[in-house]
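1. model the structure of this input:
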Amino acid sequence: MFLVAENSAYEFRTLLQILVWRGSLKPLLPNPVIRLGQSTKKAQDKLTSISLHPSREIHQHVLNPWPCFVSPVRKMKWVTREHVHVDRTACPWLIKKYVDPKAEFIFVPVEKVEEVAKKEKAIPYDTPNAELGHHGDKCSFDAIAEKYNIKDPALLQLAKIIRSADTGKPLAPEGVGLDAVMTGISVAAKDDHEAVEKAGPVYDALYMFCRLKLLAEKYKREIKSLDRKQRREFLRKKLLEQS
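-> Next up, the predicted model:
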């Protein structure tokens, strides 16, 4: 069990992440920190619950299945290029769902990203020469998922759709539709912050679609003889069983 003082939680979380990356600890949650101030019994119960029932922590509800974790003491800042489209709307969604729900995003001209990153102590993404940017055939969404060790199978399926939409490559048939939707959202929104906000439900829906797609493949024999309504109820039941 790890107990840390409130003002050192951020640094301690970083240490735990290093241990996870080295394989010394099993990554139970993105931020496995129990802060000082909780009773020992409460902290022990928390860690036991996470160890024995990770799905209860990760899936709060079948229609809102996002990781539940202790937020960093300091809100993380992220900076990228203005005029968002696919990757730069998908990355904030990913960060808020899996990394930091209180993350703050800054959108600036490409030539200002480095300057603002230093001034605001922000993490640059989807911008030239950024660690969390395009590398080979993969886009920034992939880089963030790899950086934070996100292994959710449905999320990785979603990453393929986003990669297809962002690069124009025929990696997933849904990519063309996502590209069209994000083009419409980015043009209609008053600014990049509104575009990201409006894009959120689209990625929620696509993530759920990916979960259903994986379940349909897993239970393809069972649903083969079912009609559309029966298939829907069968898959919904399986989603509930995962929560």
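2. give me the nearest residue to V108, chain neighbours excluded.
-> The spatially closest residue to V108, leaving aside those adjacent along the chain, is V116, at 5.2 Å (Cβ to Cβ, 6 or more residues apart in numbering). In short, each C-beta sits where N, CA and C put it, glycine included.
3. any stretches of this structure with poor pLDDT?
-> Counting by pLDDT under 70, the low-confidence segments of the chain come to 1-74, 243.
4. walk me through the domains of it.
-> Domain assignment for the chain, taken from automatic domain parsing, gives 3-58, 77-218.
5. what's the closest of those domains to R232?
-> Using Cβ to Cβ as the criterion, the shortest distance between R232 and these is 9.0 Å, found for domain 77-218.
6. for the top helix by length along the chain, list every residue counted as buried.
-> Longest helix in the chain by number of residues (criterion: DSSP state H): helix 192-218. Within helix 192-218, the residues scored as buried using 16 or more other Cβ atoms under 10 Å are 192, 195-196, 198-199, 202-204, 206-208, 210-212, 215.
7. which of these sits closest to I95?
-> Sorting those by distance to I95 puts V196 at the head of the list, at 10.3 Å, by Cβ to Cβ.
8. now do that closest one against F105, distance only.
-> Look at V196 and F105: by Cβ to Cβ, to the nearest Å, they are 7 Å apart.
9. what of M208?
-> Going from M208 to F105 by Cβ to Cβ gives 24 Å.
10. the closest residue to Y207 other than its chain neighbours in helix, strand or coil?
-> In space, Y207 comes closest to L158 once its chain neighbours are excluded; the distance is 5.4 Å by Cβ to Cβ, 6+ apart. When the structure is split into helix, strand and coil by DSSP: H, G, I helix; E, B strand; the rest coil, L158 lands in helix.
11. quick one: contacts for L158?
-> 203, 206-207, 210 (Cβ atoms under 8 Å, 6 or more residues apart in numbering).
12. change it to 7 Å
-> If you count contacts by Cβ atoms under 7 Å, 6 or more residues apart in numbering, L158 has them with 206-207, 210.
13. same question, V196
-> Taking Cβ under 7 Å, 6+ apart as the definition, contacts of V196 comprise 84, 89, 92, 105.
14. of all these, which two lie farthest apart?
-> Using Cβ to Cβ, the contacts of V196 span at most 10.3 Å, a distance reached by T89 and F105.
15. which stretches in the protein count as helices?
-> Residue ranges of the helices in the chain, as given by DSSP H, are 9-22, 40-52, 54-58, 87-98, 113-120, 140-147, 153-167, 174-188, 192-218, 220-223, 228-242.
16. just curious, which of the contacts of V196 is nearest to A145?
-> Comparing the contacts of V196 against A145 with Cβ to Cβ places P92 closest, at 13.6 Å.
17. shouldn't that closest one be in contact with F105?
-> Yes - using Cβ atoms under 7 Å, P92 is in contact with F105, at 5.3 Å.
18. the two: who's more crowded?
-> P92 (26 against 20; other Cβ atoms under 10 Å).
19. compute the first-to-last residue distance for stretch 79-93.
-> End-to-end distance of stretch 79-93 (Cα to Cα, to the nearest Å): 14 Å.
20. what residues sit buried inside it?
-> Along stretch 79-93, the positions that meet the burial threshold by neighbour count (16+ other Cβ under 10 Å) are 79-81, 84-93.
21. just put those in JSON lines and tack on distance to S225.
-> Shown next, in JSON lines, are those (distance: Cβ to Cβ, whole Å):
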{"residue": "V79", "distance to S225": "53"}
{"residue": "T80", "distance to S225": "48"}
{"residue": "R81", "distance to S225": "50"}
{"residue": "V84", "distance to S225": "45"}
{"residue": "H85", "distance to S225": "42"}
{"residue": "V86", "distance to S225": "38"}
{"residue": "D87", "distance to S225": "41"}
{"residue": "R88", "distance to S225": "44"}
{"residue": "T89", "distance to S225": "40"}
{"residue": "A90", "distance to S225": "37"}
{"residue": "C91", "distance to S225": "41"}
{"residue": "P92", "distance to S225": "42"}
{"residue": "W93", "distance to S225": "37"}
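22. perfect, I'm done here.
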